[in-house]
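S.K.: Provided below are the primary sequence and the corresponding predicted coordinates.
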Protein chains: 2
Amino acid sequence: MSNKHVFIEKLRSSGLRPTKQRIEICKLLFDRKDTFHFSISDLKNNLENVSSKKISLATIYNTIHAFTGKGYLKEISINSDKTYFDTNTSDHHHFFDENKKKLIDLNDNDVGKIKIKKILPGKKIKSIEVLVRITNDN
Amino acid sequence: MSNKHVFIEKLRSSGLRPTKQRIEICKLLFDRKDTFHFSISDLKNNLENVSSKKISLATIYNTIHAFTGKGYLKEISINSDKTYFDTNTSDHHHFFDENKKKLIDLNDNDVGKIKIKKILPGKKIKSIEVLVRITNDN
DNA sequence: CACTACATTAGAATCATTATAAATTATGAT
DNA sequence: ATCATAATTTATAATGATTCTAATGTAGTG
């Protein structure tokens, strides 16, 4: 696996030691070309399919949280049911298909520039998130 | 209370019988000029302050969900910690103050028009939600 | 007033997430 | 390589929000 040193670097820079469990998680998250939108349970299921040795939830949570803190993953709020994460960390927005309960990326070009005309003294903007809810057209 | 028949109408049109517990909830939600952003636990605390007789969580949940379904309340997704509701049901967006953990309304004029340039066949847009996260400016 | 369907309630169940504590492993120095 | 130490993993328990349940109470119709 030629990417292993990349994974190790991602882990170290997130303040985590590389362990075989975390490397497995990295493979699933970062060894892909497409964007991956997932919940923790999605990830757990995927991990169990790929390698039959199971990784505990605690390990999954701590790894994902470290990556999110470091900016290697984005956390997305859709509803209170579940937290979703996104391997696409560039500035972008989302469709949420309410029928399929799936996220679809909207890249920056897909959304016109957003102007916020209200300013709050002593506050600065940390992020602007657009969520476009879509449903079947019938 | 001259608003009581308004509350009863809101309840009936949401498919709920008017009961004294639900009327209490209505008073707190709709008998005000300002927008009210709240979580279920906020609402429960408020109810316990106003009237010393306690209303069970089950009743609060079923009433709030019926109002949300009917469009008398808006549900807002900030993070997975908690679900927030908003008595302002007009088209508008939000600041979320990450230090104070509070929502602030951004009315439609505060946000420039949002253009979605990507179209998905067979799907229609149900809503566009903008969440602007803000933090202390230091 | 009486009947029926809907509501209320406390408490149990559930689900995602976080904390705990004991056993295991990575790392850096020797 | 070996050792000591600190970090990690894991199963399990704890937590907190939300939903369910089943017994009791109340609103609405006639």
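M.R.: Everything's here; your move. Numbers count the residues shown, from 1 in each chain, chains lettered A, B, ... in the order given.

S.K.: I'd like to know which elements the helix or strand harbouring residue A:106 is packed against.
M.R.: In this assignment (DSSP states H and E), residue A:106 forms part of strand A:102-107. Strand A:102-107 sits against strand A:84-86, strand A:92-97, with contacts defined as 3 or more Cβ pairs under 8 Å, 6 or more residues apart in numbering or on different chains; DSSP states H and E. Heads up, the C-betas are built off the backbone N, CA and C, glycines and all.

S.K.: partners of it, with directions?
M.R.: strand A:92-97 (antiparallel) (DSSP bridges).

S.K.: list the contacts for the residue of chain A at minimum distance from DNA strand C?
M.R.: When scored by Cβ to the nearest atom of the strand, chain A has residue A:83 as its residue closest to DNA strand C, at 3.3 Å. The contact partners of residue A:83, taken as Cβ atoms under 8 Å, 6 or more residues apart in numbering or on different chains, are A:39, A:40, A:75, A:76, A:77, B:79, B:80.

S.K.: correct me if wrong: residue A:18 contacts residue A:7.
M.R.: Yes. Between residue A:18 and residue A:7 there is a contact under Cβ atoms under 8 Å: 7.0 Å.

S.K.: what is the lengthiest strand in chain A packed up against?
M.R.: Determined from DSSP state E, the single longest strand within chain A is strand A:123-136. The contact analysis (3+ Cβ pairs under 8 Å, 6+ apart) places strand A:123-136 against strand A:92-97, strand B:123-136.

S.K.: that one: which residues count as buried?
M.R.: Under the neighbour-count criterion of 16 or more other Cβ atoms under 10 Å in any protein chain shown, strand A:123-136 has A:123, A:128, A:129, A:130, A:131, A:132, A:133, A:134 buried.

S.K.: kindly report the same for stretch A:62-72.
M.R.: Buried residues in stretch A:62-72 (16+ other Cβ under 10 Å): A:63, A:64, A:66, A:67, A:68, A:72.

S.K.: quick check: chain neighbours aside, which residue is closest to the residue most central in space within chain A?
M.R.: Of all residues in chain A, the one closest to the mean position by Cα atoms, centre = their mean is residue A:86, 2.2 Å from it. Nearest in space to residue A:86, with sequence neighbours left out and distances taken as Cβ to Cβ, 6 or more residues apart in numbering or on different chains, is residue A:74 at 4.4 Å.
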